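Student: What follows is a predicted protein model with its sequence.
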Amino acid sequence: MTKTQQVRLAERPTGLPTADTWNLTTTELPDLGPGEILVQVNFISLDPAMRGWLNDVRSYLPPVGIGEVMRSLDIATVVESTHPDFAVGDTVSGTFGVTEYAISNGRGVQRVDLNAAAGPTWLGVLGIPGMTAYFGLLDVGKLSEGDIVLVSAAAGAVGSVAGQIAKAKGATVIGIAGGPEKCRMLTEELGFDAAIDYRAGNVLKQLREVAPDGIDIYFDNVGGEILDAALANLRRGARVVLCGAISAYNEQKPPPGPSRYMSLLVFRATMAGFVVFDYADRYPEAGAQLAQWLAEGRIKSREHVVEGGLARFGETLNMLFTGANTGKLVLAV
């Protein structure tokens, strides 16, 4: 039997999760049954969606239950196997949870090639954030060459990839991020055409200075006042892609709706939400294209890896909501 530490949900948080939200427990896993694998988790993906999974509300996935291991997507190594498709030593990705070791029947588990990219990259550009940016921008946003694209939370895991995809497809790209360092990264490292520092205030004024003729696509990761600013600066036929609303995830009551929604009527624009899991059957298509762009240097990978193991899960998760990370946030186990 294998002994493992696990992070379990102790209580549902009100606002930002605290130390009381989590229990760090130790348990023994049973012996493998037929068609199962035992994996040792190497890297845990930290994602804003995790905050939504803590609320006992109806959503695209059921909430994490009190006492359950926290849900997460991981990169892991197979250490035992009775499964015909997985051998000891394989590196895999799967939803194993915030744990040191886990048993899986192999459903939803994929092998990853560490010769092609490092483990954290398979949780970022080549993982769900990359897929989210790809399908949100190309399928939902219907990106065309020459479009003017605005991306919020542009220094984060999804936003940084979305902006780079837009550049690779011939668009003009404006990113919104917090602080001059992140804005410099967008323009000097990732090739964005312009960056807006929302902490400097008056996002709408800054946006009209860099996009005086309006925008064709707004890739929204934050909601709130920044969504309103984007709606106030649309072009005719614009597309607003609702990917997330991190500005409201820790609020205790629903935020007010966008006050500029009539811009959708005036500019004959559309606003649509999406969930990346709806595109699961097309992940290989997106993965192949993203890997090609990565190999060609048209997209750069940026990961923020935190060392320290499961004991640091809670504080690391909260980095997403304080703007403390740049790029894809990963916890090393």
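Tutor: Nice, thanks for sending it over.
Student: Using the record's domain definitions, break this structure down for me.
Tutor: 2-124+302-332, 128-277 (automatic domain parsing).
Student: Spatially central residue in this protein, please.
Tutor: Taking CA atoms, centre = their mean, the centroid of the chain lies closest to residue 129, which sits 4.2 Å from it.
Student: need the contact list for that residue.
Tutor: Applying CB atoms under 8 Å, 6 or more residues apart in numbering to residue 129 gives the contacts 47, 123, 157-158, 161, 328. Quick note: C-beta positions are derived from backbone N, CA and C, even for glycine.
Student: swap in residue 11?
Tutor: 20-21, 66.
Student: in a strand, that's where it is, yeah?
Tutor: No: counting by DSSP: H, G, I helix; E, B strand; the rest coil, one finds residue 11 to be coil, located in no strand.
Student: Now do it against residue 250, distance only.
Tutor: Using CB to CB, to the nearest Å, we find residue 11 at a distance of 15 Å from residue 250.
Student: now residue 298
Tutor: 35 Å.
Student: hang on, the earlier thing: can you tell me which of the contacts of residue 129 lies nearest to residue 290?
Tutor: Checking the contacts of residue 129 against residue 290 by CB to CB gives residue 161 as the nearest, at 7.7 Å.
Student: The closest one: which element?
Tutor: Using DSSP states H and E, residue 161 maps to helix 157-168.
Student: Which stretches in the stretch 1-150 of the chain count as helices?
Tutor: 49-53, 119-122, 128-135 (DSSP state H, counting those that start in this stretch).
Student: which SSE is the nearest residue to residue 269 once chain neighbours are set aside in?
Tutor: Distance criterion CB to CB, 6 or more residues apart in numbering; nearest residue to residue 269, sequence neighbours excluded, is residue 238 at 4.1 Å. Secondary structure assignment for residue 238, by DSSP H and E: strand 234-242.
Student: Pull the residues that contact the helix or strand just after that strand.
Tutor: Later in the chain than strand 234-242, the nearest helix or strand by DSSP H and E is helix 263-266. With CB under 8 Å, 6+ apart as the test, helix 263-266 has contacts from 231-232, 234, 240, 269-271.
Student: And the furthest pair within those?
Tutor: Longest span within those, CB to CB: 232 and 270, 16.3 Å.
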